[in-house]
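> Turn this into a model:
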Amino acid sequence: MRTLQTEHLTKRYGSFAAVRDVSLTLGSGVYGLLGANGAGKTTLMRMLCGILDPTEGTVRCDGAEITRLGEDYRALLGYLPQDFGCYPDFTGAEFLRYIAALKGLTRAETRRRTAQLLEQVGLADAGRKKLRAYSGGMRQRLGIAQAMLNDPEILILDEPTAGLDPRERVRFRNLIADYAKGRTVLLSTHIVSDVEAIADRILLMKNGAIADEGTVAELAQNARGKVWTLRTDGQTAARLESVYNVANLRHEGEGVELRLITADPPAGAVAAEPTLEDVYLWHFAEEEQP
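The predicted structure is shown next:
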């Protein structure tokens, strides 16, 4: 088992701090990184991968700075960037063999891992097809496969479920849940239900810093007293929408049921059990959503 640790990690661009004083320790298991666009998630992940140099602070693997480990660290690492590029004239299998060569896998390892991963991500029948014929979801699954080619002990996935349909997302969640045993997996996504289903711990990132951290149950506990339901009429519901952070609105006959995220609920509201989505909305109520 590897331990990935950051100490006061900071990345500035001029006077703007994209990541601010982040200190984390990641052991084995799945860590879900949640945050609004511009929160600093991708910048943090790129520093963890050694692609981007921090302005301040360090990233360590098992106590050693990753800049000193060099190739030894990269051999432990698998990475899926948010903007995954590929060569349209390659077949899926050819692309994986090409990435395997870059990662230094032997021919035997390349054959074994290529066949294994194409099967695991549901592309076994599409391995001989040109990538130009792949859908967005198929390309994303191929990106997940290339990140796992070298059987990495540290797997970092930036928006891995983007473009996947519900069935593909379930396949991905099952794959990662099985893979993470004894390994470190960090993934970011805007789909809260995906990290809620598989993450052992959640990291909430806001304005470049970690705003909160914990299991789903721990974070939900922190949001108690901030989630409410209220049944009312349509006119009152419309007025409340302009005042409160409304997580959900459902019409029931001639009435409306609202789910409100607030520490100061209106009269008649009933406390509700918080979900991870409620926690997210509580933390990022003031953020501009995409």
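> And the nearest residue to Glu65 once chain neighbours are set aside, how far from Met1?
In space, Glu65 comes closest to Thr58 once its chain neighbours are excluded; the distance is 5.4 Å by CB to CB, 6 or more residues apart in numbering. No exception for glycine: its C-beta is placed from N, CA and C like everyone else's. Separation of Thr58 from Met1 (CB to CB, to the nearest Å) stands at 20 Å.
> just Phe84 next, same as before
Taking CB to CB, one finds Phe84 at 28 Å from Met1.
> Gly143 now?
Distance of Gly143 to Met1, given as CB to CB: 26 Å.
> More neighbours: the two, which one.
Gly143 (27 against 11; other CB atoms under 10 Å).
> how much space between the more buried one and Thr110?
According to CB to CB, Gly143 and Thr110 sit 18 Å apart.
> hang on, Glu257 packs against Asp233?
No. Counting by CB atoms under 8 Å, Glu257 does not reach Asp233; the two are 11.2 Å apart.
> Mind checking which of the two has more residues around it?
Glu257 (14 against 10).
> May I have the residues that are in contact with that one?
Counting by CB atoms under 8 Å, 6 or more residues apart in numbering, Glu257 makes contact with Thr229, Leu230, Arg231, Asn248, Leu249, Arg250.
> Repeat that for Leu105.
Contact analysis of Leu105 by CB under 8 Å, 6+ apart lists Arg113, Leu149, Asn150.
> any idea how far it is from Pro152?
From Leu105 across to Pro152, the span is 12 Å (CB to CB).
> For stretch 209-218, list every residue counted as buried.
Neighbour counts over stretch 209-218 (16 or more other CB atoms under 10 Å) mark Ala209, Ile210, Asp212, Val216 as buried.
> mind checking the end-to-end distance for that stretch?
Across stretch 209-218, the terminal residues are separated by 19 Å (CA to CA, to the nearest Å).
> For the residue nearest the centre of the chain, report the pLDDT, please.
What sits nearest the mean C-alpha location of the chain, by CA atoms, centre = their mean, is Ser188, with 1.4 Å. Ser188 carries a pLDDT score of 92 in this model.
> Much appreciated, bye for now.
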